[in-house]
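Enquirer: structure for this input, please:
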Amino acid sequence: MPICDDVDVSCLADMTVGYVGADLYALCREAAMLAVLHYHQDCENDRISKVHFYEAFKKIRPSSARSSIGQVEFKPVYWEEIGGLDDLKVLLKQSIEWPLKYPDAFIRMGLTLPKGVLLYGPPGCAKTTLVKAVATSCHCSFLSVSGADLFSPYVGDSEKILAQVFRNARASTPAIVFLDEIDAIVGSRSSSGSGSGVQERILSVLLNELDGIGLKTTERRGTKVLLEGTGNCQDDKLEFEEVINNSVMIVAATNRPDVLDDALMRPGRLDKLLYVPPPDKKARLSILKICTAKIPLDPDVCLEFLAAETPLFSGADLCNLCKEAALLSLHMNGLQATSVKLEHFQKSLQCVKPSLTANDLKVYEKLSGYTVKG
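Expert: Prediction:
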């Protein structure tokens, strides 16, 4: 297959997570067909470039991703698209990206690879967006599960769905399994009393998965076992295979860490607890710059002033403020509006209030020992 010099095969290998041989063959064939269509009038140039491979990626999906359970489509998110949180970004790279991309370094230092990370903090502070950025940076499979995906009116279905998500993740490593709003999925056995039997069973499955990513799976290996001397064949006695797979990382997010079960939080399960704080003044300025990148601002708009005037605003609140100011400009000036002025932001601040309160933040700061400045 004639390929251009700009095709990096090792880069393609990193991007083909979960692809089996037949998938790779289909990918190369699709790239070749795209090249033929592209160069149908240019007989001298018939090489396949990286652009053709990238276009082929949009059409050829890995076999392991064809199950709908846990599979989500999301627009790639890059680190520079997230304002502030510089220290947290470094911690996320070290806690999630390094173990998935450089496991040899951990083994060389005698370290066991971490199994899970918990992101906690007030709502609207980019916990889900941060996880998407990690998945984009790692070029790994991304499976997301929430309570709406798991809960079923049929007994045993919820546990089966969660177990299937992890099987799909092991089939397409390296992979990140994201449990959004984990407090709604499992909760705590101690606080629920008799509680929800479904939540307790889901928690049991999750703990088993965390204790051995690739937990013991019953897999028939040859024939059934014949017990010597008895002459009886036990149909239910199968060989077991421990599928240890350190290329699956569990990332959970919650804004209520106090209601999670203690068994879930111990070392060896969710190894790393990372607090996602609300933005300080510097982070708010960074977020405002990103949110207003496509909004035509009048020269009188001072983002530093707006950052100082928006304490207790989360990242989501700041994005909403920018949208409201742009809408207000449109309403006040009609369809001929060409820019957003400072007065539009000031009027929007009168109706757009922060979703966070000082009392809420004290709870998180007590858990993490972190104090927001500005």
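
Enquirer: number of residues surrounding P103?
Expert: 15 (other CB atoms under 10 Å). Heads up, the C-betas are built off the backbone N, CA and C, glycines and all.

Enquirer: my guess is it contacts S247, does it?
Expert: Yes: P103 lies in contact with S247 (CB atoms under 8 Å); the separation is 7.4 Å.

Enquirer: quick one: low-confidence residue ranges for the protein.
Expert: 40-45, 64-72, 187, 190-196, 212-246, 369-374 (pLDDT under 70).

Enquirer: roughly how far apart are the residue nearest the centre of the chain and L335?
Expert: By CA atoms, centre = their mean, the chain has its centre lying nearest to V131, at 3.5 Å. With distances taken as CB to CB, to the nearest Å, V131 is found 39 Å from L335.

Enquirer: about what we covered before: the residue nearest to the centre of the chain contacts S137, correct?
Expert: No: V131 is not in contact with S137 according to CB under 8 Å; the separation is 10.8 Å.

Enquirer: residues near F178, how many?
Expert: 24.

Enquirer: what of C351?
Expert: 9.

Enquirer: count of neighbours near the closest residue to it other than its chain neighbours?
Expert: Spatial nearest neighbour of C351, chain neighbours left out: E324 (7.1 Å); criterion: CB to CB, 6 or more residues apart in numbering. Neighbour count for E324, taken as other CB under 10 Å: 17.

Enquirer: and E324, how far from K132?
Expert: 25 Å.

Enquirer: same check on L270?
Expert: To K132, L270 is 19 Å away according to CB to CB.

Enquirer: do the same with T338
Expert: For T338 relative to K132 (CB to CB), the value is 33 Å.

Enquirer: more neighbours, those two?
Expert: Neighbours per residue (other CB under 10 Å) separate T338 from K132, with K132 holding more: 22 against 8.

Enquirer: list the residues that contact that one.
Expert: F74, P76, V77, F142 (CB atoms under 8 Å, 6 or more residues apart in numbering).

Enquirer: out of these, flag the one nearest to L150.
Expert: The shortest approach to L150 among those belongs to F142, at 17.1 Å (CB to CB).

Enquirer: which one is the closest one nearest to, not counting chain neighbours?
Expert: A135 (4.0 Å).

Enquirer: who's in contact with the one you found?
Expert: Neighbouring residues of A135 by CB under 8 Å, 6+ apart: F142, I176, F178.

Enquirer: out of the residues you listed, name the ones that lie in strands.
Expert: Among these, DSSP state E puts F142, I176, F178 in strands.

Enquirer: mind listing what's buried along the helix or strand harbouring L349?
Expert: Taking DSSP states H and E as the definition, one finds L349 inside helix 342-351. By neighbour count with 16 or more other CB atoms under 10 Å, helix 342-351 contains the buried residues L342, H344, F345, K347, S348, L349.

Enquirer: report the separation between the residue nearest to F142 and I176.
Expert: A135 sits 5 Å away from I176, going by CB to CB.

Enquirer: give me the common contacts of those two.
Expert: In contact with both A135 and I176: F142, using CB under 8 Å, 6+ apart.

Enquirer: summarise which helices and strands the host helix or strand of K160 is packed against.
Expert: For K160, the host element (DSSP H and E) is helix 157-170. With contacts defined as 3 or more CB pairs under 8 Å, 6 or more residues apart in numbering; DSSP states H and E, the packing partners of helix 157-170 are strand 141-145, helix 147-150, strand 175-179, helix 197-211, strand 248-254.

Enquirer: so what are the domain limits for this protein?
Expert: 9-65, 79-275, 281-355 (automatic domain parsing).

Enquirer: out of those domains, which is closest to K366?
Expert: Nearest of those (CB to CB): domain 79-275, 9.8 Å.

Enquirer: distance from the chain centre to the closest one, please.
Expert: Remark: domain 79-275 is offset 12 Å from the chain centroid, using CA atoms, centre = their mean, to the nearest Å.

Enquirer: and it, end to end?
Expert: 18 Å (CA to CA, to the nearest Å).

Enquirer: sorry, back to before: show me the contact partners of the helix holding L349.
Expert: 298, 300-302, 305-306, 309-310, 321, 324-326, 328-329, 332.

Enquirer: try 10 Å this time
Expert: Residues outside helix 342-351 that contact it (CB atoms under 10 Å, 6 or more residues apart in numbering) are 288, 292, 297-303, 305-306, 309-310, 313, 320-333, 337, 340-341, 352.

Enquirer: picking up where we left off before, got the domains of the chain as TSV, with distance to P2 columns?
Expert: Converted to TSV, the domains of the chain look like this (distance: least, CB to CB, whole Å):
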stretch	distance to P2
domain 9-65	5
domain 79-275	26
domain 281-355	41
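
Enquirer: minimum distance to L367: which of those domains has it?
Expert: Comparing the domains of the chain by CB to CB, domain 79-275 comes nearest, at 6.2 Å.
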